[in-house]
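K.L.:
what's the 3D shape of this:
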Amino acid sequence: MKRNILNETQQAILKKEYEFYNKLKDSQQLHFEHRVAVFINENKFIGKQELVVTDHMKVIVAATATMLTFGFKKHRLDLIDTVIIYPKVYYSSINEAYHKGETNPKMKAIVFSWEDFNHGYKIGNDNLNLGIHEFGHAIHLNAKTSKDISSHIFNKGFNELITYLQSNENVRKNLLASKYFRTYAFTNHFEFFAVLLENFIETPNEFRSQFPELYRYMRQMLNFKFAGY
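P.N.:
This is a model prediction of the structure:
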C-alpha cells in the first residue's frame with residue numbers, strides 16, 4: 001500500500017497540536033499520518049463567509065476524523081466528501097435555525113462553525129467537543145449503510161449497548177442521576193452515541209470508573225486499543 005505523506009507544515013501542526021497523536025507508538029504515528037493525509041487529499045474543504053481554510057484547520061479536522069476511526073479497518077467515511085467551515089454559528093435555511101455543526105448525508109458534507117470546533121478542541125476535558133460530536137454522527141450514519149467489517153462490529157456493539165441499557169434499569173437511573181453525560185444525550189440514539197463519544201475521548205478514566213460496562217462497549221465498537229484507552 002502506498003503511504004500518503006503530509007507536507008512538513010502539516011506534520012509539524014500534527015506534532016505540536018494533537019495530543020492523541022503524540023501518545024501513539026512510532027509505527028502507529030506513521031499510520032495516523034497516512035490516514036490524515038488521505039482525509040485531506042480525498043475531501044474538499046470549503047470556507048464560507050470569506051473564511052480562508054488553512055493547513056491548521058485541515059489537519060485538526062482530519063486528525064479528529066482519523067482518531068475516531070483509527071481502530072477501523074476501513075477508515076474512509078463514504079458518507080462524506082466535503083468539509084464546510086463557517087467562521088461562527090451559521091443560519092441553516094433547511095430548518096430555519098442557527099447551527100454550530102451538522103452532518104448532511106444528502107450533501108455528503110460535514111459542517112462546522114470554526115469558532116465552536118476550535119473551542120471544543122482546545123478544551124480537552126469538559127466533554128464538549130463539536131468535532132468529535134459531529135464525526136460521531138457521521139460514523140454512526142456511515143455504519144448504518146455500510147457492510148464492511150468495521151461497520152458490522154460498530155452496529156453489533158451499539159445494539160448490544162442499547163440492549164444492555166434496556167435490560168438494566170439501575171444503570172439507566174445511574175446515567176441520569178450522575179449528570180456525567182449531558183442531558184442532550186437522551187434525545188435519541190444518535191445523540192446518545194455522539195455524547196458518549198465525547199466523554200469517552202475526553203475523560204476516559206472517569207468514564208471507565210463510573211460506567212465500566214458502557215466504556216467496554218464503546219471501546220469494542222471503535223476497536224480502540226491504543227493511546228492509553
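K.L.:
how close does Ser113 get to Leu176?
P.N.:
29 Å (Cβ to Cβ, to the nearest Å). Any C-beta I mention is one placed from the backbone N, CA and C, and that applies to glycine too.
K.L.:
swap in Leu222?
P.N.:
Leu222 sits at a distance of 24 Å from Leu176 (criterion: Cβ to Cβ).
K.L.:
contacts only, for the residue positioned nearest the centre of the chain.
P.N.:
Centroid check for the chain by Cα atoms, centre = their mean gives Ile132 as the closest residue, at 3.3 Å. Neighbouring residues of Ile132 by Cβ atoms under 8 Å, 6 or more residues apart in numbering: Thr64, Leu68, Gly120, Ala194, Leu197, Glu198, Ile201, Glu202.
K.L.:
just the residues you listed: which are in helices?
P.N.:
Judged by DSSP state H, helices contain the following of the contacts of Ile132: Thr64, Leu68, Gly120, Ala194, Leu197, Glu198, Ile201, Glu202.
K.L.:
spatially nearest residue to the fourth one (excluding sequence neighbours)?
P.N.:
Right, Ala194. Take Ala194 and drop its neighbours on the chain: the residue closest to it by Cβ to Cβ, 6 or more residues apart in numbering is Gly136, 3.7 Å away.
K.L.:
same question for the helix or strand hosting the one you found, mean pLDDT?
P.N.:
Using DSSP states H and E, Gly136 falls within helix 130-145. Here helix 130-145 scores 96 as its mean pLDDT.
K.L.:
for Pro204, see how far away the residue nearest to the centre of the chain is.
P.N.:
Separation of Ile132 from Pro204 (Cβ to Cβ) stands at 12 Å.
K.L.:
again, but for Glu8
P.N.:
32 Å.
K.L.:
more crowded one of the two?
P.N.:
Shown here are Glu8 and Pro204; by other Cβ atoms under 10 Å, Pro204 has more neighbours (17 against 8).
K.L.:
am I right that that one is in contact with Gly228?
P.N.:
Yes - if you go by Cβ atoms under 8 Å, Pro204 and Gly228 touch, sitting 7.4 Å apart.
K.L.:
so who does Gln210 touch?
P.N.:
Gln210 makes contact with Ser178, Tyr180 under the criterion Cβ under 8 Å, 6+ apart.
K.L.:
how many neighbours does the closest residue to Trp114 other than its chain neighbours have?
P.N.:
Leaving aside its sequence neighbours, Trp114 sits nearest to Ile85 (Cβ to Cβ, 6+ apart; 5.2 Å). For Ile85, the count of nearby residues is 24 (other Cβ under 10 Å).
K.L.:
same thing with Ala185?
P.N.:
Ala185: 18 surrounding residues under other Cβ under 10 Å.
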